[in-house]
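>>> okay, sequence plus prediction incoming.
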Amino acid sequence: METVRPRTSALASAPERLSTAQRWMLALSCSAVALVVGSMAALYTALPELATATGATQKQLTWIVDGYTLALACLVLPAGALGDRYGRRVVLVVGLFVFTLASAMPLVFDSPTWLIGARAAAGVGAALVMPSTLSLLTAGFPDDRRGNAVGLWAGVAGAGGVLGILGSGLLLERWSWLSVFLAMAVAGALLMVAGCTIPESVDQERPAMDLWGAATSAAAVGLIVVAAIEAPSRGWLDPLVIVMFVGGVLAAGIFTLIELRTAQPLLDVRLFARRGFAAGTMSVTVQFLVTFGVFMLLVQFLQLILGYRPLTSALAMAPMVVPMVAISAVAPWVADRIGLRLPTFAGLVVLGAGLVAVSRLNVDSSYLDVLWPLLVMSTGLGLCTAPATAAIIAGTPVEKHGVAAAVNDAAREVGAAIGIAVAGSILAAGYSDRIAPALPRLPEAAREPVGDSLAAALQVAERAGPQAQPLVEFAKAAFIHGAQQSCLALGYVAFAAAVIVGIWAPGRTSPFLRSGRQRIPERAG
């Protein structure tokens, strides 16, 4: 099987034949990343039915969703190194096999415990898939085409959450929640077979695996993500949450020391001294933090306030895919000529403006009031997503693009987990504060569910009949209050990141997208 070498791509020697091969590789990589990113959000619309069918508690439902994200975030960096060493195609195929098998497990074992385990196993497979898709593109495309390929990949990855919500909404309109898992398993199997048809790509030096680096990086990411997941239910000042956050920071410090001392590090942490690499990583983290945070809020707004069915709510969010993917396809070309600073600053500012507009929604808002902020947000994401990803890749040597892709993916997953936790925590606090005055006037049995969430309050009101309409209006107003606060907080995060990146990122004099030929400085001593 032909091996794609880092500096002399076999694909570049035969333009006509290679053109078809490049398009096939690009289509496969984009499809695979859309599948694993979409799988993160695909269960949002299925959770109510899943809870009824399996008897899962609210905490178990949280872990059914977040077990996938946790495994993916912990293992994506070591997985990228595995691809560099043993072959990116073989790691992609193995990852799709694991993802497919794990996605099919709920068809046989459907207890909450098995579902959590299956989702975690699917996250392991996704961790192998994500960095492989990007590093195959960067190693297999010539310099003059790499930016466009990365831009399209980043646009699809950014839109993956919406695509997952849309796909699951279509399935749930006709079939049960099991159809979502079946669809993911079938898609994974088809892509696994297709993955066997592309050329292999591998780091010719085949460096030894940095096992201590892999262990400490997984511990750092895992502890921080678990703390972010547990914080909304336990409280941000809960002793366990604080211990996990501190433990994650300590593990990150140990990882840094190990990487500075080892001859063949999992990740050369000195890369973060490069403005393009560091600013790109920060930008990607913030993009996914605010995006997945607002997704969680908007899905609930569309279903609980506007009364949309799962499919209708998914279709309502679908238009944001168009400007995101279209702009992402040309954003690297623009950034290559004017630098990372301007498109990233502008994109984060536009994203923040869209979030502020979302924060102005109220109980009387219509779908048009939701649509235009969605389009503003997707425009901002299109401007900054692809340039940030391209800057991360360009900041590393070509033979280390698997690890660079893994850094990009880890930034996405950590950002998504923290964004969901932050948005959920602020929403819960705002709702609880506003609904509290109504609780003493309710029967004892109704106080706890009404105080927990709007969805539970609507169920209580439905059982109580027309006389509970004042409770419905009060609970919806309480939800809107919490959602407004949450969106404002996410908007402020985007604005703050825009200022930092605007100062920090390289401008037009710094050709940050130039093929990753830069050399990493020699180690001292």
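Looks like it came in fine.

>>> show me what whichever strand or helix holds residue 248 is packed up against.
Of the helices and strands defined by DSSP states H and E, residue 248 is found in helix 239-261. Where contact means 3 or more C-beta pairs under 8 Å, 6 or more residues apart in numbering; DSSP states H and E, helix 239-261 is packed against helix 211-234. The C-beta positions use only the backbone N, C-alpha and C, and glycine is treated the same way.

>>> residues of the helix it packs on that come out buried?
Neighbour-count burial for helix 211-234, counted by 16 or more other C-beta atoms under 10 Å, picks out 212-232.

>>> that helix to helix 239-261, inter-axis angle?
Angular relation of helix 211-234 and helix 239-261 on a 0 to 180 degree scale: 160 degrees, by axes from the mean of the first three to the mean of the last three C-alpha atoms, to 10 degrees.

>>> run the chain-centre distance for helix 211-234.
When C-alpha coordinates are averaged (C-alpha atoms, centre = their mean, to the nearest Å), helix 211-234 and its chain have centres 16 Å apart.

>>> ok, now stretch 280-291?
On C-alpha atoms, centre = their mean, the centre of stretch 280-291 falls 9 Å from the chain's centre.

>>> so which bits of it are buried?
Neighbour-count burial for stretch 280-291 [16+ other C-beta under 10 Å]: 280-291.

>>> got a list of contacts for that stretch?
158, 161, 272, 340, 344, 348, 351-352, 355, 377, 381, 384-385, 387-392, 395, 407-408, 411-416, 418-419, 422, 490-491, 493-494, 497, 500-501, 504-505 (C-beta atoms under 8 Å, 6 or more residues apart in numbering).

>>> filter the residues you listed to the buried ones?
Applying a neighbour-count criterion of 16+ other C-beta under 10 Å, the buried members of those are 158, 161, 272, 340, 344, 348, 351-352, 355, 377, 381, 384-385, 387-392, 395, 407-408, 411-416, 418-419, 422, 490-491, 493-494, 497, 500-501, 504-505.

>>> list the contacts of residue 454.
If you count contacts by C-beta under 8 Å, 6+ apart, residue 454 has them with 300, 304, 431, 475-476, 478-479.

>>> how far does stretch 132-150 stretch from start to finish?
End-to-end span of stretch 132-150 (C-alpha to C-alpha, to the nearest Å): 13 Å.

>>> and the closest residue in space to residue 387 that isn't next to it in sequence, what helix or strand is that in?
Nearest-residue entry for residue 387: residue 335, 3.8 Å, with adjacent residues in sequence omitted and distances by C-beta to C-beta, 6 or more residues apart in numbering. Under the criterion of DSSP H and E, residue 335 resides in helix 321-338.

>>> one step back: list the buried ones in the helix holding residue 248?
Judged by neighbour count using 16+ other C-beta under 10 Å, the buried positions of helix 239-261 are 241, 244-245, 247-248, 251-252, 254-256, 258-259.

>>> which one of the residues you listed is nearest to residue 84?
residue 259 (15.2 Å; C-beta to C-beta).

>>> next one: the closest one from residue 152, what distance?
To residue 152, residue 259 is 32 Å away according to C-beta to C-beta, to the nearest Å.

>>> which parts of the stretch 251-400 of the chain are helices?
If you assign secondary structure with DSSP state H, counting those that start in this stretch, the helices in the stretch 251-400 of the chain sit at 275-300, 310-317, 321-338, 341-358, 367-394.

>>> okay, the angle between the second one and helix 367-394?
Direction vectors for helix 310-317 and helix 367-394, defined by the same axes, to 10 degrees, enclose an angle of 70 degrees.

>>> buried stuff in helix 310-317?
310-311, 313-317.

>>> and if you look at stretch 53-70?
By neighbour count, with 16+ other C-beta under 10 Å as the criterion, the buried positions of stretch 53-70 are 54, 56, 60-70.

>>> in CSV, list the C-alpha atoms belonging to it.
What follows is stretch 53-70, C-alpha atoms only, in CSV (Å, rounded to 0.1, in the frame of the first residue of the first chain):
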residue,chain,number,x,y,z
ALA,A,53,-37.9,3.6,28.0
THR,A,54,-35.0,2.8,30.3
GLY,A,55,-35.9,4.4,33.6
ALA,A,56,-32.6,6.4,33.6
THR,A,57,-32.3,9.1,36.2
GLN,A,58,-31.3,12.7,35.4
LYS,A,59,-27.7,12.0,36.5
GLN,A,60,-27.6,8.8,34.4
LEU,A,61,-28.9,10.8,31.4
THR,A,62,-26.1,13.3,31.9
TRP,A,63,-23.5,10.6,31.9
ILE,A,64,-25.0,8.9,28.8
VAL,A,65,-24.3,12.2,27.0
ASP,A,66,-21.1,13.2,28.7
GLY,A,67,-19.4,9.8,28.9
TYR,A,68,-18.8,10.1,25.2
THR,A,69,-17.3,13.5,25.4
LEU,A,70,-15.1,12.6,28.4
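
>>> got any ranges where the stretch 101-250 of the chain has weak pLDDT?
Across the stretch 101-250 of the chain, residues meeting the criterion (pLDDT under 70) sit at 142-144, 146-147, 158, 202-207, 232-233.

>>> repeat the analysis, applying 50 as the threshold.
Within the stretch 101-250 of the chain, no stretch falls below the threshold (pLDDT under 50).

>>> can you check the stretch 351-500 of the chain too?
Scanning the stretch 351-500 of the chain for pLDDT under 50 picks out nothing.

>>> repeat that with 80
For the stretch 351-500 of the chain, the stretches with pLDDT under 80 are 386, 389-410, 413, 417, 420-421, 424-425, 442-456, 458-460, 462-468.

>>> leaving out sequence neighbours, find the closest residue to residue 299.
For residue 299, ignoring the flanking residues on the chain, the nearest one in space by C-beta to C-beta, 6+ apart is residue 44 at 5.3 Å.

>>> got the contact list for that neighbour?
Counting by C-beta under 8 Å, 6+ apart, the residues that residue 44 touches are 65, 165, 168, 295-296, 299.

>>> for those residues, which entry has the maximal number of neighbours?
With neighbours defined as other C-beta atoms under 10 Å, the most crowded of the contacts of residue 44 is residue 165; it has 28 neighbours.

>>> how close does it sit to residue 172?
With distances defined as C-beta to C-beta, the gap from residue 165 to residue 172 amounts to 11 Å.

>>> find the residues that touch each one of those two.
Between them, residue 165 and residue 172 have residue 45 as joint contacts when contacts are counted by C-beta under 8 Å, 6+ apart.

>>> what does stretch 423-435 contact?
By C-beta under 8 Å, 6+ apart, the surrounding residues in contact with stretch 423-435 are 231-232, 236, 293-294, 296-297, 450-451, 453-454, 457, 474-475, 477-479, 481-486, 489-490.

>>> go again with 6 Å.
Residues outside stretch 423-435 that contact it (C-beta atoms under 6 Å, 6 or more residues apart in numbering) are 231-232, 293, 296-297, 451, 478-479, 481-483, 485-486, 489.

>>> off-centre distance for that stretch?
A distance of 24 Å separates the C-alpha centroid of stretch 423-435 from that of its chain, computed with C-alpha atoms, centre = their mean.
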